[in-house]
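K.L.:
how would this look folded up:
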Amino acid sequence: MFRLAMAIVLTLVGPVADNPGNLGMVRYVPSGLPSGRPVVLALHGCTQTSAYGTAAGWRELADRMRFTVLMPEQKTANNINRCFNWFERGDTTRGQGEAESVAQMVRQTVADTGADPKRVYVTGLSAGGAMTAVMLATYPELFAGGGVVAGLAYRCAASMIDAFSCMYPGKNLSPAALGDAVRSANSYTGPWPTVSVWQGSADYTVAPANATELVEQWTNVHGIPATPTRTDTVAGYPHAVYETGGRVAVERYTITGMGHGQPVDPGAGPSQCGQAGAFVLDVNVCAAWYMATAWHLSD
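P.N.:
Numbers count the residues shown, from 1 in each chain. So this is what the prediction gives:
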């Protein structure tokens, strides 16, 4: 059964939907949250737990902007390093393993909280970022958008050994092959989720080339060129936008000089959030806030 947290109290809930991936489920619902509000699914990286959702800033933003945070949690029985198994076909195929467990958690959370099913988003760091790409590819109908932080393209790897070469130095697949991997993962015809890609330029765990692969994968899925419609800077960092039909379909943030981790900006300012720690890096920009703003979570 899934493990559920209301506020910071963990309780067991059952019986619940099928959980073939044997994952834990932690959830934060702000006090007095009305129905019809959004849901953000936050997927932790290796060696982390659901506390990632707090460190990345999602819990404080949930209080501020009024939405639910769903935080699946990997178990050491599945992966000794608590990595989501983003490279195993049995966990990254629609209807199977960890991907199916996460999808069930989303459906249950929407039902339990009366959330707006059209305003569900998924994001994650590293292995959680790769799992974010998995969820967007295998269950695109569940998500309006996603944010991949230091993650990898869907189906970059098909085994643990293959995963290491994907991570570093990275692969160079064609945009068509990357897009076909997503299209073959489901029978969905659109509209496709928007995708925000965040990557440190000095990341030697997940090479920056993976951000390029993600952009090429999702611009191909959206049927647009992998050439930015426009570029600018956000908090001093390069930002590229890829539009279709006058709306942002894909965007890429390059955090210059940042290593492997989640960008945060601790503080009480309107755009600040997060708590610096292991793989959660204070670089004066809170990725969660920029995603939440782009997703209009406060509306």
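K.L.:
chain neighbours aside, what residue packs nearest to residue 288?
P.N.:
Setting aside the residues directly before and after it, residue 288 is nearest to residue 57 in space (C-beta to C-beta, 6 or more residues apart in numbering), at 4.0 Å. In this view, the C-beta of every residue, glycine as well, is placed from N, C-alpha and C.
K.L.:
what ranges does the stretch 101-250 of the chain have for its strands?
P.N.:
With DSSP state E, counting those that start in this stretch as the criterion, the stretch 101-250 of the chain has strands at 120-125, 145-149, 194-200, 230-234, 237-244, 247-255.
K.L.:
quick one: the helices in this structure, in order.
P.N.:
With DSSP state H applied, the chain shows helices at 52-55, 58-65, 97-113, 127-138, 160-167, 175-183, 209-222, 287-294, listed in chain order.
K.L.:
angle of the fourth one against helix 97-113?
P.N.:
When axes from the mean of the first three to the mean of the last three C-alpha atoms, to 10 degrees is applied, the directions of helix 127-138 and helix 97-113 differ by 80 degrees.
K.L.:
least trustworthy helix or strand in this protein by mean pLDDT?
P.N.:
strand 9-12 (a mean of 33; mean pLDDT, DSSP states H and E).
K.L.:
let me see the contact set for residue 67.
P.N.:
Going by C-beta atoms under 8 Å, 6 or more residues apart in numbering, residue 67 touches 30, 33, 37, 38, 39, 40, 61, 115, 297.
K.L.:
need the contact list for the residue nearest to residue 288.
P.N.:
Residues counted as contacts of residue 57 (C-beta under 8 Å, 6+ apart) are 264, 273, 274, 275, 286, 288, 289.
K.L.:
ok, now with 6 Å
P.N.:
For residue 57, the contacting residues are 264, 273, 274, 286, 288, by C-beta atoms under 6 Å, 6 or more residues apart in numbering.
K.L.:
shaky segments in the stretch 1-150 of the chain?
P.N.:
Across the stretch 1-150 of the chain, residues meeting the criterion (pLDDT under 70) sit at 1-17.
K.L.:
how many other residues sit next to the residue nearest to residue 242 when sequence neighbours are not counted?
P.N.:
If the residues on either side of it in the chain are set aside, residue 242 comes closest to residue 250, at 4.2 Å by C-beta to C-beta, 6+ apart. For residue 250, the count of nearby residues is 27 (other C-beta atoms under 10 Å).
K.L.:
ok, residue 250 to residue 148 distance?
P.N.:
Separation of residue 250 from residue 148 (C-beta to C-beta, to the nearest Å) stands at 10 Å.
K.L.:
buried ones in stretch 283-294, by neighbour count?
P.N.:
For stretch 283-294, the neighbour count (16 or more other C-beta atoms under 10 Å) marks 283, 285, 286, 287, 288, 289, 290, 291, 292 as buried.
K.L.:
so which of those comes closest to residue 183?
P.N.:
Using C-beta to C-beta, residue 291 is the member of the buried residues of stretch 283-294 that lies nearest residue 183, at 24.7 Å.
K.L.:
my guess is that closest one contacts residue 147. True?
P.N.:
Yes - counting by C-beta atoms under 6 Å, residue 291 touches residue 147, with 4.4 Å between them.
K.L.:
overlap in contacts of those two?
P.N.:
Shared contacts of residue 291 and residue 147 (C-beta under 6 Å, 6+ apart): residue 196.
K.L.:
give me the beta-bridge partners of the residue nearest the centre of the chain?
P.N.:
Nearest to the geometric centre of the chain sits residue 123, at 1.8 Å (C-alpha atoms, centre = their mean). In this entry, residue 123 is beta-bridged to residue 42, residue 147, by DSSP bridges.
K.L.:
right, and it touches residue 148 too?
P.N.:
No - between residue 123 and residue 148 there is no contact under C-beta under 6 Å: 7.3 Å.
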